[in-house]
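[1] Structure of the sequence below:
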Amino acid sequence: MSGSDERATITPYPDGPLLVRGDVELRTADGETIAPHRRTVALCRCGLSTLKPFCDGTHKAAGFRTDD
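    Below you'll find the predicted structure:
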């Protein structure tokens, strides 16, 4: 974490990614840090992104739908 006291929030976008805002530390399954490059990131939920763990918009063309 960067040391900020800003509380992180995770918001599921309907039929799309998880929007993550605030001070978070992203890691791979092996524990390596992933640089988010911005304060708000969109994480893939459909599993089809070529930029995993980040969303690349593939969910739209694939017709990904959430239950909400």
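
[2] ranges for the helices of the protein?
    58-62 (DSSP state H).

[3] what residue is smack in the middle of it?
    Closest to where the C-alpha atoms of the chain average out (C-alpha atoms, centre = their mean) is L43, at 1.8 Å.

[4] give me the number of residues near the nearest residue to that one once chain neighbours are set aside?
    Excluding the flanking residues, the one nearest L43 by C-beta to C-beta, 6 or more residues apart in numbering is L18, at 4.5 Å. The way it works is simple: take the backbone N, C-alpha and C, and place the C-beta from them, glycine included. Residue neighbour count, defined by other C-beta atoms under 10 Å, stands at 15 for L18.

[5] give me every residue that touches L18.
    By C-beta atoms under 8 Å, 6 or more residues apart in numbering, the contact set of L18 is I10, T11, P12, A42, L43, R45.

[6] what about 10 Å?
    Neighbour list for L18: I10, T11, P12, V41, A42, L43, C44, R45, P53, C55 [criterion: C-beta atoms under 10 Å, 6 or more residues apart in numbering].

[7] The fourth one contacts V20, doesn't it?
    Yes. Under the criterion of C-beta atoms under 10 Å, V41 is in contact with V20, at a separation of 5.1 Å.

[8] Pull the most distant pair out of the contacts of L18.
    Spanning the widest gap among the contacts of L18 are T11 and P53, at 15.9 Å by C-beta to C-beta.

[9] Which of these two has more residues huddled nearby?
    The neighbour count for T11 versus P53, taken as other C-beta under 10 Å, is higher for P53 (18 against 10).

[10] Excluding covalently adjacent residues, which one is nearest to that one?
    Spatial nearest neighbour of P53, chain neighbours left out: L43 (5.3 Å); criterion: C-beta to C-beta, 6+ apart.

[11] so who does the one you found touch?
    Contact analysis of L43 by C-beta under 10 Å, 6+ apart lists 10, 12-13, 17-20, 26, 36, 49, 52-55.
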